[in-house]
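Visitor: All I have is the shape, not the residue letters:
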């Protein structure tokens, strides 16, 4: 008697890009993948989804990253997609992804129900290589034609509003135009952009984007960079539309293949398109010229004869510093950002509200390397003392008390998610097999999808329970605790850029409140820790989940023993 071989475990991946805003596209793709699995006798054990995400990027897609994590952990045997370009539209990425799949013994299948070969991937990559430039050329021709006829593709600038029924047409918004005129007058008179932005914020003037995003938090908060612009951004002061000129194709956006981030570059002069639209003029020519003269003089004073910023590398890179995204202002509780470089090239952090918006009085910057070194010394003393271990055990006990309640809630949410998944699948099947798509069914799918997202978010916050926690009375609990703490402190001192060190640090440290101090005085800060992280075997695990959990322990205010100058 022969026993049937177990079914292969499969997962489905679905994505739609931001230029196709249809949430039901996800349901259609998943339904197709389930049918392919049924025909191929596969057992679907999971689904990964990225909504409104471009296929040209990887880091920004959470579902894609979770899929890769599952591939490397051998959690399943087959990945099913509607088409290979759902995984990536970049030929190099899809080829590399296929190699990662093969290395980990995971097969790839599309809607034909046939396992993809290297030849299939090569053909799909060749198609994308040909298709993407052709599509870009068509879009560019359409935009160029619109500009030649006095229309503006894309979003509308502050001071204008779109014309209903006339795509690309713009008219002056009288209320916003008054603010634009005010900004130019104050700037040309010598006021700094930070002062202008701070005053507009204090007066509660709606900022750019406030009318476009009704629910956007801080819609009356002005950032000085929206007035001056950045290295390639024009800002309000540099926008020629305010003198009735449309400047098109001045810059191009390209994707850095190493960082997967978009960068802007200035195009040659011969590629620029300039169209006169005098009816859109807000700023008189004389005022415009005075403002541009002030801008040029300030650029030369700051950056030298060329007036262009000198690139000064920050070591380590901003996003590789363990403290990046962790520091908070001790006055306004806002985020602190990397705003400057120290003399040795290291990053310095400052309150974003004070540095960019002028809404906070905490204007001092802090050397992040000095702060990190001091914190590592304090952590070594405080985390490894007998009192710290006793406190860790107490916190662990408190954490365990809520486990039973969490498990019950988790079970109820998982049952509700299963019901919603079944309902969405049933409705999608009904739509797919009908000649017309009833609005009621589509509306119901959207309602179920919204509720499902809420359920999944709550499940994410609840976490996976306490199955990976070492009991506090385990004979090796103290050894484990000391080992993890010592490893983290050593990593911070020897190689803080190491990815495992940064992940462990951010898993442990919820935030660090940096308090204002006078110049040349030692730093004062309060680290808030997620003490329960030290009890888990996942402290140094990659792919940890940042849930924003409130810290369960914190240090008393500490002062650095080093005097540093601002």
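Guide: Received the coordinates, thanks. Since the structure is predicted, the reported quantities are computational estimates derived from the model, not experimental observations. Residues are numbered from 1 along each chain as shown.
Visitor: Only the buried residues of stretch 354-372, if you could.
Guide: 354-360, 362, 364-372 (16 or more other CB atoms under 10 Å). In this view, the C-beta of every residue, glycine as well, is placed from N, C-alpha and C.
Visitor: same thing with stretch 100-118?
Guide: Buried residues in stretch 100-118 (16+ other CB under 10 Å): 101, 106-110, 116.
Visitor: Kindly report the same for stretch 329-344.
Guide: 329-332, 334, 336-342.
Visitor: Now tabulate the residues you listed in CSV and tack on secondary structure.
Guide: Listed next are these as CSV, based on DSSP: H, G, I helix; E, B strand; the rest coil:
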residue, secondary structure
329, strand
330, coil
331, coil
332, coil
334, coil
336, strand
337, strand
338, strand
339, strand
340, strand
341, strand
342, coil
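Visitor: I'd like these as a markdown table, with pLDDT and distance to residue 264 appended.
Guide: Converted to a markdown table, the buried residues of stretch 329-344 look like this (pLDDT from 0 to 100; distance: CB to CB, whole Å):
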| residue | pLDDT | distance to residue 264 |
| --- | --- | --- |
| 329 | 92 | 30 |
| 330 | 89 | 35 |
| 331 | 89 | 34 |
| 332 | 89 | 31 |
| 334 | 87 | 27 |
| 336 | 89 | 26 |
| 337 | 86 | 20 |
| 338 | 83 | 20 |
| 339 | 78 | 21 |
| 340 | 76 | 22 |
| 341 | 77 | 22 |
| 342 | 73 | 27 |
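Visitor: that older thread, mind picking the two most distant members of the buried residues of stretch 100-118?
Guide: 106 and 110 (14.3 Å; CB to CB).
Visitor: From the buried residues of stretch 329-344, pick the one nearest residue 408.
Guide: Closest to residue 408, out of all of the buried residues of stretch 329-344 and judged by CB to CB, is residue 334, at 37.2 Å.
Visitor: Show the contacting residues for the residue nearest to the closest one when sequence neighbours are not counted.
Guide: If the residues on either side of it in the chain are set aside, residue 334 comes closest to residue 353, at 4.4 Å by CB to CB, 6 or more residues apart in numbering. Shown in contact with residue 353 (CB atoms under 8 Å, 6 or more residues apart in numbering): 329, 332, 334, 359-360.
Visitor: Closest to residue 186 out of those residues?
Guide: When the contacts of residue 353 are compared against residue 186 (criterion: CB to CB), the nearest one is residue 359, at 17.7 Å.
Visitor: distance of the nearest residue to the closest one once chain neighbours are set aside from residue 191?
Guide: Spatially, and ignoring its direct neighbours in sequence, residue 359 is nearest to residue 353 (4.7 Å; CB to CB, 6+ apart). Using CB to CB, to the nearest Å, residue 353 is found at 19 Å from residue 191.
Visitor: Same check on residue 494?
Guide: From residue 494 to residue 191 the distance is 48 Å (CB to CB).
Visitor: More neighbours: which of those two?
Guide: Ranked by neighbour count (other CB atoms under 10 Å), residue 494 and residue 191 place residue 191 first, with 14 against 9.
Visitor: Within the helices and strands, which one has that one?
Guide: With secondary structure defined by DSSP states H and E, residue 191 is part of neither a helix nor a strand.
Visitor: do the same with residue 359
Guide: Counting by DSSP H and E, residue 359 is found in no helix or strand.
Visitor: The residue nearest to residue 334 belongs to a strand, doesn't it?
Guide: No: under three-state DSSP, residue 353 falls outside any strand and is assigned helix.
Visitor: so how far is residue 160 from it?
Guide: 28 Å.
Visitor: before we move on, what SS does residue 80 have?
Guide: Put simply, residue 80 is strand when judged by three-state DSSP.
Visitor: ok now do the closest residue to it other than its chain neighbours, which residues does it touch?
Guide: Leaving aside its sequence neighbours, residue 80 sits nearest to residue 33 (CB to CB, 6+ apart; 4.3 Å). Counting by CB under 8 Å, 6+ apart, residue 33 makes contact with 12-14, 44, 47, 80-82, 111.
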